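Asks: Sequence and predicted structure are below.
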Amino acid sequence: MRMAIVAALVAAMAGGCSSTQDPKLIARLQVEVRLGDLTGAIRSSELICRRDVTSGTGYLAFDQWALRACHDLTSNPQVTRFLISGPPRGRPCPELYGGPQRARITGTVRGRSVDRSIDRTNGCGIRDWELLELLLGPP
């Protein structure tokens, strides 16, 4: 009997904790873009997409970048799928060099954790950057 009461209390407390999450939050992402080699310039930004308002810091704060990036996240299922699940396994990657640019995206999208690294050292990385260009900016 005591175990049932304890289990009910734990479940009630867990339910209460989940209500503190913002139900309007679609995504909260931290983005770090390295423009050159390891000694190159670094751009950092944060993107917050909510159903009622969007905001961005760093380069995502300029010229409606945050609004466009959030729109891309909500309207392009490829972007959301890539951020949450990563690139498809076994895809062929052409041996093309797109440049030394690298990016890391961390945070959450639709309540799921995101931790993606992208570089432009082959054809797959170039395509991934193009897919996420509204979030990463031009290379």
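Replies: Yep, it's here. Worth saying up front: this structure is predicted, and the values here are computed from it rather than measured. Residues are numbered from 1 along each chain as shown.
Asks: only C-alpha atoms for contact and neighbour calcs from this point on.
Replies: Fine.
Asks: The protein: strands as residue ranges?
Replies: 25-34, 42-50, 54-56, 102-109, 112-119 (DSSP state E).
Asks: ok, for W65, nearest residue in space, not its chain neighbours?
Replies: The shortest distance from W65 to any non-neighbouring residue, by CA to CA, 6 or more residues apart in numbering, is to L134 (7.0 Å).
Asks: what's the closest of the strands of the chain to G90?
Replies: Nearest of the strands of the chain to G90, taken as CA to CA: strand 112-119 at 16.4 Å.
Asks: And the closest one, what's buried?
Replies: 113-114, 116-119 (16 or more other CA atoms under 10 Å).
Asks: In its sheet, which strands sit next to it, and in what direction?
Replies: strand 102-109 (antiparallel) (DSSP bridges).
Asks: doesn't R120 make contact with I126?
Replies: Yes. Using CA atoms under 8 Å, I126 makes contact with R120 at a distance of 4.8 Å.
Asks: Give the residues shared as contacts by these two.
Replies: Shared contacts of I126 and R120, defined by CA atoms under 8 Å, 6 or more residues apart in numbering, comprise G98.
Asks: in this protein, what secondary structure element scores lowest on mean pLDDT?
Replies: In the chain, the helix or strand scored least confidently by mean pLDDT, DSSP states H and E is helix 2-18, which has a mean of 37.
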